[in-house]
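Participant: Prediction below, plus the sequence it came from.
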Amino acid sequence: GVTIEINIGRNTDTGALIAAVDIAASFAGGKVSIDSGAVDANGDAIAFDIDFAAAKLRALGSVTVVIDQFVRVSGDVSFEKTTATVTITDGTTPTSGVDVTALLISGDNLTAFAGVNGGTAAATGLQLTDVDFGLVLYKVPAPLTGVATDLRTWTALQATVGSASFIGVDGLTIAVTDFALSFNRGGGTNGGVANTTVVDFTGATVTVGSQTLAFTEEILRVGGTATVDLFGFFTVSGSFSFEQSAGSLTVTDGTTAETVAVKRLLVGAHVSSAFAGVNGGSAEQMGLALTTVEFGLALFKPTVVADTRSWTSLKATAASVSVVGVDGLTVSSSNLTVVVNKAGGVGNSTVADLSGSPLLIETSLGGDTIRLDMDGDRGALLEASGLVQLDVFGFFRATGSFAFVRSSGSLVVNNGTTSETVAVQQVIVGATVSSAFAGINGGTAGAIGLQLSDVGLALALFKPSSLTDTRSWTSLKATVGSASFVGVEGYMFPPEIAV
């Protein structure tokens, strides 16, 4: 059924809307009961109770919409037009008492399908269930006379989806559950100047259908839990979060710090498992497998259009990354960590400095986060570390850890007479190998080959930041606790080797 509610006041001379009747306050019992002239099945009169306290223009009910048998939507929807007074903010200064007209739209318990053969066992397309949303559209009302110059608008949306999945293709799984969307943004102009404000719902939340809007800043955020299986070749399962918002960022060139107003895109994910290869999910799978992967990615862009700089910060961890399904081959890394902090834009020598104000990026809607706290004084940075285990068909075996850092800095060089400080790009590689073997029958009593233990390596490569300076410098130190031929009696390297 459909319900329509109307309570408006209008000046019959000018046509302008005026204050509506407050029926709840004007009549005994807070309502007016109007006999419809009809009776129900029991013979009792059917009456309508009207208890409006403010202006209202609303329609609500259960609907089913079918578009050319391709799109089908059904559920409870509500449309309401009213007036309101809101507070807006540009992120710094709030302005209260802004009168607006409002359109409130909600949907609850919606189901939707887009595709072919909907509602049959042969359905193929996108299926959504348990969709709830609340949408508010605000605008400054037009003046009674003259040309409107305040054309500002504001949009706020909160939505949840129980499940969204692609159905009807054997071997293909694309499903998202517990999906949520939050959106708060302004638009239009005022006197020809772009609107940079959003509605601040602090202390004045708005409930639309089952959704409560409580935003305090500009935001676009989506998140959920996803499962993907592309015909056994690529599978992934985990949660994700995506947020676009405004804020400020401290950047530095290593000497001078600067605070920049930015738009930021934050992407976080927690992947419980992922696989790329063949026969995924079976005992015969072969390819690359990952477990417990988390990452947080932050992309920054100045709000000033003429400023073409950009900054990227990333941190990722993985419990394990391994090649699976090849007998005799082991290639795996555990406790893997990757950190990236870099700049973009012509002539941009600064990087983000998050050491003073760490950024927490959600990796799921449950509130799990990953912390970005890069120190800008380290310059442009690419860093990776972890534990590694290798076994190449028994011919080469190694177990150890590694660390790799590429960054910018300064280097003092000396020709034996004078010293010079040079701005450089540097690559630092460190590794420890608890054990390594190269030969045949590795890992067995019949092994023959070279056995090493307690190997340490430190390598530093330097290159001037200036492209016209073609010099380079290399520093290396390596140690070997022991090296010996095994399987050949009576032959052994010295017990300790250092380079």
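Facilitator: Cool, got the structure. Numbers count the residues shown, from 1 in each chain.

Participant: Please report the confidence value the model assigns to the spatially closest residue to residue 304 that is not a sequence neighbour.
Facilitator: Spatial nearest neighbour of residue 304, excluding adjacent residues (Cβ to Cβ, 6 or more residues apart in numbering): residue 261 at 7.3 Å. For glycine as for every other residue, the C-beta is placed from the backbone atoms N, C-alpha and C. Residue 261 is assigned a pLDDT of 91 by the prediction.

Participant: that's a helix at residue 261, yeah?
Facilitator: No. Under DSSP: H, G, I helix; E, B strand; the rest coil, residue 261 sits outside any helix and is assigned strand.

Participant: Could you check which helix or strand contains the residue lying closest to residue 48 once chain neighbours are set aside?
Facilitator: Nearest-residue entry for residue 48: residue 34, 5.0 Å, with adjacent residues in sequence omitted and distances by Cβ to Cβ, 6+ apart. In this assignment (DSSP states H and E), residue 34 forms part of strand 32-39.

Participant: Any chance you could list what contacts that strand?
Facilitator: By Cβ atoms under 8 Å, 6 or more residues apart in numbering, the list of residues contacting strand 32-39 from outside reads 23, 45-51.

Participant: So which elements touch the helix or strand following that strand?
Facilitator: Toward the C-terminal end, the helix or strand that comes next after strand 32-39 (DSSP H and E) is strand 45-50. For strand 45-50, the elements it packs on are strand 32-39, judged by 3 or more Cβ pairs under 8 Å, 6 or more residues apart in numbering; DSSP states H and E.

Participant: relative to strand 45-50, how tilted is the strand it packs on?
Facilitator: Strand 32-39 runs at 150 degrees relative to strand 45-50, counting by axes from the mean of the first three to the mean of the last three Cα atoms, to 10 degrees.

Participant: Give the rounded mean pLDDT of strand 32-39.
Facilitator: 81.

Participant: can you start the count at 54 instead of 1 from here on
Facilitator: Noted, 54 is the first residue going forward, which turns the last one into strand 85-92.

Participant: re earlier: could you give me the buried positions within the strand holding residue 87?
Facilitator: Along strand 85-92, the positions that meet the burial threshold by neighbour count (16 or more other Cβ atoms under 10 Å) are residue 85.

Participant: quick one: terminal-to-terminal distance for stretch 428-442?
Facilitator: Start to finish, the residues bounding stretch 428-442 are 31 Å apart (Cα to Cα, to the nearest Å).

Participant: er, stretch 84-102 I mean
Facilitator: The separation between the terminal residues of stretch 84-102, taken as Cα to Cα, is 6 Å.

Participant: Run a quick neighbour tally on residue 288.
Facilitator: Residues contacting residue 288 under the criterion other Cβ atoms under 10 Å number 21.

Participant: That one: what's it in contact with?
Facilitator: With the criterion set at Cβ under 8 Å, 6+ apart, residue 288 makes contact with 281-282, 326-328, 333-334.

Participant: Okay, and the nearest residue to residue 415 once chain neighbours are set aside sits in which element?
Facilitator: Closest residue to residue 415 apart from its sequence neighbours, by Cβ to Cβ, 6+ apart: residue 294 at 4.1 Å. In this structure, residue 294 is located in strand 287-305 according to DSSP H and E.

Participant: which residues of the stretch 404-552 of the chain fall in strands?
Facilitator: For the stretch 404-552 of the chain, the strands defined by DSSP state E, counting those that start in this stretch cover 404-405, 412-415, 422-425, 434-445, 449-467, 472-493, 501-517, 526-539, 550-551.

Participant: what's the answer for the stretch 104-253 of the chain, then?
Facilitator: Listed in chain order, the strands of the stretch 104-253 of the chain (DSSP E, counting those that start in this stretch) span residues 109-120, 124-142, 147-169, 177-192, 206-220, 225-240, 242-243, 246-247, 251-252.

Participant: could you dump those strands to JSON lines with distance to residue 269 and mean neighbour count?
Facilitator: Written out in JSON lines, the entries for the strands of the stretch 104-253 of the chain read as follows (distance: least, Cβ to Cβ, whole Å; neighbours: other Cβ atoms under 10 Å):
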{"stretch": "strand 109-120", "distance to residue 269": "27", "mean neighbour count": "13"}
{"stretch": "strand 124-142", "distance to residue 269": "8", "mean neighbour count": "17"}
{"stretch": "strand 147-169", "distance to residue 269": "10", "mean neighbour count": "16"}
{"stretch": "strand 177-192", "distance to residue 269": "15", "mean neighbour count": "19"}
{"stretch": "strand 206-220", "distance to residue 269": "11", "mean neighbour count": "19"}
{"stretch": "strand 225-240", "distance to residue 269": "8", "mean neighbour count": "17"}
{"stretch": "strand 242-243", "distance to residue 269": "21", "mean neighbour count": "14"}
{"stretch": "strand 246-247", "distance to residue 269": "21", "mean neighbour count": "9"}
{"stretch": "strand 251-252", "distance to residue 269": "9", "mean neighbour count": "24"}
